[in-house]
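K.L.:
Mind looking at a prediction? Sequence and model below.
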Amino acid sequence: MSATRKPMIAGNWKMHHTHLEAIQVVQKLSYRLDGDDYEAVEVVVCPAFTALRSVQTTIDSDRIPIALGAQNVYPEPQGAFTGEVSPGMLAKLNVSYVIVGHSERREILGDTDDLVARKLRAVLGAGMRPIVCCGETLDERESGAAEEKVAGQIRAAYHGLKAADAEQTVVAYEPIWAIGTGRNATPDDANTMCGLVRATLREIVGSVAEGIRVLYGGSVKPGNIAELMAEPEVDGGLVGGASLDPDDFARIVQYRRSK
Ligand code: PGA
């Protein structure tokens, strides 16, 4: 955590929670968080597409200062793309953030570096902010190729992007071997890799890299978030499993209290 970048805790609900469950989770979360929490941390939830409208109306009508995020987007404004959702459709729902290039989309659903770069630009073009995911596999980590993989993903996504656009983005470093496995990176490793992401961004977009938040993701829990956040290069967390439960997610947002 740095003094200048506001920490972000973002919940990635993946393919969980119907719209009815999502409303309940966001309401429960709002009972547990207070003004000090929102001042200290930007809180984001990323429900499935089917729950976005319900969560949006809950947030708006109860004036809950939680930002709405989506988990994916298709990088065309409209057209014959059966099953896909456009940036404009998300922007109309007051979606502020869109996750792009999550490893599950890269590994299971075929998102390439090129598609991720197009999604990133399409999200910016619609006035939203991408959360750009990167991260290495266990094989890549064990063979010493983690840095090369992650720097390559960042270069592919940001190449040619204007500094003013890059400034709107957030990065999430998520080692694939840590996602959903209960095995998180050590705070030191997370710090090193988030620092590498920032150094790579600096090469591409210059000094605005200092203001871009780099989150860590992969088995973030109430019990490990404080030590991760104590690292200077870790600006927040992208939380999967532990964001599904409002109690756990609130405790993660309130990591400062557990110190
Ligand atoms: P996890 O997922 O917290 O369940 O490991 C993180 C993510 O995939 O964003």
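P.N.:
Looks like it came in fine. Residues are numbered from 1 along each chain as shown.

K.L.:
Can you pull the residues of the stretch 1-150 of the chain lying near the ligand?
P.N.:
Residues of the stretch 1-150 of the chain that fall close to the ligand, judged by CB under 6 Å from any ligand atom: residue 12. All C-beta atoms are positioned from the backbone trio N, CA, C, and that covers glycine.

K.L.:
does the residue in the stretch 1-150 of the chain that the ligand sits nearest to have beta-bridge partners, and which?
P.N.:
Taking CB to the nearest ligand atom, the ligand has its nearest neighbour within the stretch 1-150 of the chain at residue 12, 4.2 Å off. Per DSSP bridges, residues listed as beta-bridge partners of residue 12: residue 46.

K.L.:
how many neighbours does it have?
P.N.:
Number of residues near residue 12 (other CB atoms under 10 Å) recorded here: 26.

K.L.:
how near is it to residue 156?
P.N.:
According to CB to CB, to the nearest Å, residue 12 stands 21 Å off from residue 156.

K.L.:
Residue 257 too?
P.N.:
From residue 257 across to residue 156, the span is 39 Å (CB to CB).

K.L.:
the more surrounded of these two?
P.N.:
Between residue 257 and residue 156, residue 156 has the larger neighbour count (other CB under 10 Å), namely 16 against 11.

K.L.:
which residues does that one contact?
P.N.:
Neighbouring residues of residue 156 by CB atoms under 8 Å, 6 or more residues apart in numbering: 113, 114, 116, 117.

K.L.:
Could you do residue 58 as well?
P.N.:
23, 26, 27, 64.

K.L.:
go again using 10 Å as the cut-off
P.N.:
19, 22, 23, 24, 25, 26, 27, 30, 51, 64, 66, 68 (CB atoms under 10 Å, 6 or more residues apart in numbering).

K.L.:
Where helices are concerned, which of those residues count?
P.N.:
Using DSSP state H, 19, 22, 23, 24, 25, 26, 27, 30, 51 are the members of the contacts of residue 58 that sit in helices.

K.L.:
Any figure for the gap between the last one and residue 69?
P.N.:
Looking back up the chat, that one is residue 51. 12 Å.

K.L.:
Kindly report the same for the fourth one.
P.N.:
Distance, residue 24 to residue 69, using CB to CB: 18 Å.

K.L.:
quick one: which of the two has more around it?
P.N.:
Neighbours per residue, other CB under 10 Å: of residue 24 and residue 69, the larger number sits with residue 69, 27 against 13.

K.L.:
Tell me how many other residues crowd the closest residue to residue 195 other than its chain neighbours.
P.N.:
What sits nearest to residue 195 in space, not counting adjacent residues and going by CB to CB, 6 or more residues apart in numbering, is residue 233, at 4.2 Å. As a burial measure, residue 233 scores 20 neighbours (other CB under 10 Å).

K.L.:
who's in contact with residue 233?
P.N.:
Applying CB under 10 Å, 6+ apart, we find residue 233 in contact with 1-2, 5, 173, 190-199, 214, 216.

K.L.:
buried subset of the contacts of residue 58?
P.N.:
19, 22, 23, 25, 26, 30, 51, 64, 66, 68 (16 or more other CB atoms under 10 Å).
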